[in-house]
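[1] Any chance you could fold what I've pasted below:
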Amino acid sequence: MAVYRPRAIAAGTAVLGAISLLTAALYFRTIPENPPGDGFAAGLTGLLVMLCVAVGALTLAEAGLLFLVTRLRDPAELPRRLLTLGAVAGSLSIVLLVVPMLGSLAFDALLPVGSVAGIGLLFVPIGVLCSGLGVAIQLVDEFRPERRA
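    Below you'll find the predicted structure:
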């Protein structure tokens, strides 16, 4: 069985969440105050900023949950695995969705990210669901009568 370190995974996930928020700030700076034409490009960039903020915030929350539960409690195997899976899914969503956006901003060329971005978007709800289930199962385990005895 492979040994994994939840706190190291949480730290890596938090770094990726911060990268997502940094990407949002960098994209926000590219939006002109008075966009030319009908403003479609500026609106699209605004949507990308909101996407980066949402994904980054959710990923930071997943990393925080994993870190706090493993630090403050001794979770059973299932909640720990679910929390870890949630953090890894959040990390993958940023790697597949946000990092290519940051690369396209850095190299001033739109990189082909079509299907990769779709897969990245798929990992967002998976991460939230796994982290939520992990916390819920941990709470149920905490308040079970046979565990308190």
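
[2] Find the nearest non-adjacent residue to residue 53, please.
    residue 24 (4.7 Å; C-beta to C-beta, 6 or more residues apart in numbering). In short, each C-beta sits where N, CA and C put it, glycine included.

[3] State the distance from the residue minimising distance to the centre of the chain to residue 88.
    In the chain, the residue lying closest to the centroid (C-alpha atoms, centre = their mean) is residue 59, at 2.6 Å. Distance of residue 59 to residue 88, given as C-beta to C-beta, to the nearest Å: 10 Å.

[4] likewise residue 39?
    38 Å.

[5] between these two, which one's more packed in?
    residue 88 (20 against 14; other C-beta atoms under 10 Å).

[6] Give the other helices and strands that the helix or strand hosting the more buried one contacts.
    Element membership for residue 88, per DSSP states H and E: helix 77-106. Here helix 77-106 touches helix 6-29, helix 40-72, helix 114-143, going by 3 or more C-beta pairs under 8 Å, 6 or more residues apart in numbering; DSSP states H and E.

[7] Now render those helices as a markdown table, adding mean pLDDT.
    What follows is these, written out as a markdown table (pLDDT from 0 to 100):
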| stretch | mean pLDDT |
| --- | --- |
| helix 6-29 | 93 |
| helix 40-72 | 92 |
| helix 114-143 | 87 |
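
[8] which stretch among those helices comes nearest residue 102?
    Among the helices and strands packed on helix 77-106, the nearest to residue 102 by C-beta to C-beta is helix 6-29 (4.6 Å).

[9] got the angle for that closest one vs helix 77-106?
    30 degrees (axes from the mean of the first three to the mean of the last three C-alpha atoms, to 10 degrees).

[10] Hmm, residue 116 and residue 92 touching each other?
    No - using C-beta atoms under 8 Å, residue 92 is not in contact with residue 116, being 10.6 Å away.
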